[in-house]
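J.: Can you look at this prediction? I've put the sequence above it.
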Amino acid sequence: VIHDVALQNLHMVICLDRAGLVGEDGATHHGVFDVAYLDSIPGITVYAPASFAELDRMLEEAVCRVSGPVAVRYPRGGQGEFRGDSGPEPVVLRAGTDITLAGYGTEINELLGAADRLAQAGIQAEVVKWNVITPLDTSAVLKSVRRTGHLLVAEECVEQGSVGVRTLAALEAAGVQARTALVSCGRGYVTHGAVDLLKKSLGLDRDSLFLRAMEVLGREQ
């Protein structure tokens, strides 16, 4: 990708299946490293669809409307409750004033579920969704965190080089102070197992994210 495409800024579309956790396919097939290493390639654009509708549109954009190298990363299996389709810019899926929940891809379903649980506890969570993760536009998240003062980023990738780490760097550079938490797949390898069980063990399911958000808010249960 670097030698034959990116150095010459050629237009090539890379379709990355098995983005994120893949369950029984095993430790060799989890798509948790590409978020970091693709971000290191100058000039590349990386899409992260969260629904079939977004995958269809992003593939069309990647082929017809974007120059240079492009990657479209999509998960193994189907989609979750989110069936929407949004443009390349970050989008606020749910408005709130107490805490910002941010993510991309199908993990957005877990964040929306956590926001539902927070609402039941009387907490208004703002849910921000990235559609392009490289180059990363942090403006929507920064705007939200300036208002809420709290941030939780959840993503199915390794911690180093993650979107969450890049977002914290952007907060620091902008002088935005907030209580924050990053939830990811950590710094090791993820074993095989059912996706639901793996998400729970990593804290990436909606119930675990709800509890982590409560910790960020200082309202541990």
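T.: In hand now; what should we look at? It should be emphasised that the depicted structure is a prediction, and the values quoted were computed from it without experimental measurement.
J.: ok, V70 touching H11?
T.: Yes. Using Cβ atoms under 8 Å, V70 is in contact with H11, at 7.5 Å. For every residue, glycine as well, the C-beta is placed using N, CA and C.
J.: Comparing these two, which residue is more hemmed in?
T.: The neighbour comparison of V70 against H11 (other Cβ atoms under 10 Å) goes to V70, with 25 against 13.
J.: Tell me what the more buried one is bridged to.
T.: Bridge pairing for V70 (DSSP bridges) gives the partners V13, T45.
J.: Now do it against C157, distance only.
T.: As judged by Cβ to Cβ, to the nearest Å, V70 and C157 stand 19 Å apart.
J.: For this structure, which segments count as strands?
T.: 13-16, 45-47, 70-73, 91-94, 99-104, 125-130, 132-134, 150-154, 179-183 (DSSP state E).
J.: Show the low-confidence segments of the protein, by residue range.
T.: In the predicted model of the chain, residues 221 satisfy pLDDT under 70.
J.: List the residues that contact the closest residue in space to D205 that isn't next to it in sequence.
T.: Leaving aside its chain neighbours, D205 sits nearest to K199 (4.3 Å; criterion: Cβ to Cβ, 6 or more residues apart in numbering). By Cβ atoms under 8 Å, 6 or more residues apart in numbering, the contact list for K199 reads 21, 110, 205, 208.
J.: Could you tell me how many residues sit around the third one?
T.: Residues lying near D205 (other Cβ under 10 Å) number 21.
J.: Then the first one?
T.: The number of residues packed around L21, counting by other Cβ under 10 Å, is 27.
J.: now swap in H192 and tell me
T.: There are 14 residues near H192, going by other Cβ under 10 Å.
J.: what do you get for Q8?
T.: Q8, neighbours per other Cβ under 10 Å, totals 12.
J.: Relative to P69, how far out is it?
T.: Counting by Cβ to Cβ, the gap from Q8 to P69 is 9 Å.
J.: what number of residues lie near the nearest residue to M12 once chain neighbours are set aside?
T.: Spatial nearest neighbour of M12, excluding adjacent residues (Cβ to Cβ, 6+ apart): V5 at 4.8 Å. Counted with other Cβ under 10 Å, residues neighbouring V5 total 18.
J.: List the contacts of the nearest residue to R83 once chain neighbours are set aside.
T.: Ranked by Cβ to Cβ, 6+ apart and with sequence neighbours excluded, the top spatial neighbour of R83 is S51, at 5.2 Å. Counting by Cβ under 8 Å, 6+ apart, S51 makes contact with 79, 82-85.
J.: Equivalent analysis for S139, please.
T.: Going by Cβ under 8 Å, 6+ apart, the list of residues near S139 reads P90.
J.: one more time with 10 Å
T.: S139 is in contact with 89-90, 170, 174, counting by Cβ atoms under 10 Å, 6 or more residues apart in numbering.
J.: Buried by neighbour count, from those: which ones?
T.: Buried residues within those, defined by neighbour count using 16 or more other Cβ atoms under 10 Å: 90, 170.
J.: What about the contacts of S139, which are in helices?
T.: Counted as lying in helices by DSSP state H, out of the contacts of S139, are 170, 174.
J.: which one among the contacts of S139 gets closest to R146?
T.: Closest approach between the contacts of S139 and R146, by Cβ to Cβ: A174, at 8.6 Å.
J.: Compute the distance between the closest one and S162, please.
T.: From A174 to S162 the distance is 19 Å (Cβ to Cβ).
J.: cool, Q79 as well?
T.: Q79 is 22 Å from S162, by Cβ to Cβ.
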